[in-house]
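Undergrad: Next come a sequence and a model predicted from it.
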Amino acid sequence: MQLCHVLNRGVDKRTLFEDDTDYLRFIHDLFEFNDQNPLPPMTRFLFQKNPRIEERILSAPHAPRKLLVDIHAFCLMPNHYHLFLSPRIERGVSIFMKRVNMGYALYFNQKYERVGTLFQSRYKSVPITEKSHFLHLPFYIHFNPLDLKYSEWRSRTLSSSDAALTFLKNYRWSSHMDYLGIKNFPSITSREFLNEVLGGPRGYEKSIREWLQDIEIPPKKFLFE
């Protein structure tokens, strides 16, 4: 199996997701564009003002799909994204990413009445060839939202693992909740492979708890308490 870590950010580090509708739109594109079948007319994917967009894009019936890639994990951050992918067909990743980046850029530029490049580059794809990299990557992707509130995790000086776990459990824009067994965006990811490696939701939760507890700094003890 060919595995890769795909990432991209906004041009000049600009924000890619201004509101919840934008996050939902990108997640919708991860589902809709992951199909070997011909795409519907692109007008279907342009911006539509719809207050019930979440219900519309996640509950609408879909024709059977032939996947271009397996999305094993993902995380969307305000100005970048991370995807853990493996191709189903030759050039599956490049076809899929071209569709996703172009489709979302069309939507975003129309919605915010802007022109020009939205993403910093085509995208970056890092092959996963080492076992240590493979085992670390799902946690790294899912821990990215900690940058928004507990950025000290990167220097391994986390103040509260319980608070960090709660924060992650309430961050919707990743596959973390689905790996915990909490239904969030289950149709986006192919979780069988990683669930087998991580021991299912219980094994995954145990691993992330131990990882975060391992970098937690114990409270200081004073001489006269």
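TA: Nice, I can see it.

Undergrad: Low-confidence stretches in the protein?
TA: 40-63, 218-225 (pLDDT under 70).

Undergrad: so where do the helices sit in this structure?
TA: Secondary structure of the chain by DSSP state H: the helices cover 20-32, 53-59, 92-111, 131-143, 161-169, 176-179, 192-198, 200-214.

Undergrad: Quick check: which of the ones you listed is nearest to Ile71?
TA: Closest to Ile71 of those, according to C-beta to C-beta: helix 20-32, at 6.3 Å. Yep, even glycine has a C-beta here, placed from its N, CA and C like the rest.

Undergrad: buried residues in the closest one?
TA: By neighbour count with 16 or more other C-beta atoms under 10 Å, helix 20-32 contains the buried residues Thr21, Asp22, Tyr23, Leu24, Arg25, Phe26, Ile27, His28, Asp29, Leu30, Phe31, Glu32.

Undergrad: Let's have these in a markdown table, adding distance to Arg91.
TA: Converted to a markdown table, the buried residues of helix 20-32 look like this (distance: C-beta to C-beta, whole Å):
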| residue | distance to Arg91 |
| --- | --- |
| Thr21 | 31 |
| Asp22 | 28 |
| Tyr23 | 28 |
| Leu24 | 28 |
| Arg25 | 25 |
| Phe26 | 22 |
| Ile27 | 23 |
| His28 | 23 |
| Asp29 | 19 |
| Leu30 | 18 |
| Phe31 | 20 |
| Glu32 | 19 |
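
Undergrad: Tell me the bridge partners for Gly10.
TA: Residues in a beta bridge with Gly10, per DSSP bridges, are Phe119.

Undergrad: ok, now how distant is it from Asp29?
TA: Gly10 sits 16 Å away from Asp29, taking C-beta to C-beta, to the nearest Å as the criterion.

Undergrad: coming back round to it: show me which of the buried residues of helix 20-32 is closest to Lys131.
TA: Closest to Lys131, out of all of these and judged by C-beta to C-beta, is Leu30, at 26.7 Å.

Undergrad: Might you report the residue contacts of the closest one?
TA: By C-beta atoms under 8 Å, 6 or more residues apart in numbering, Leu30 lies in contact with Ile71, Phe74, Leu83, Val100, Ile188.

Undergrad: Number of residues surrounding the closest residue to the third one other than its chain neighbours?
TA: Distances taken as C-beta to C-beta, 6 or more residues apart in numbering place Val6 nearest to Leu83, at 4.3 Å, with adjacent residues excluded. Burial of Val6 is recorded as 20 neighbouring residues (other C-beta atoms under 10 Å).
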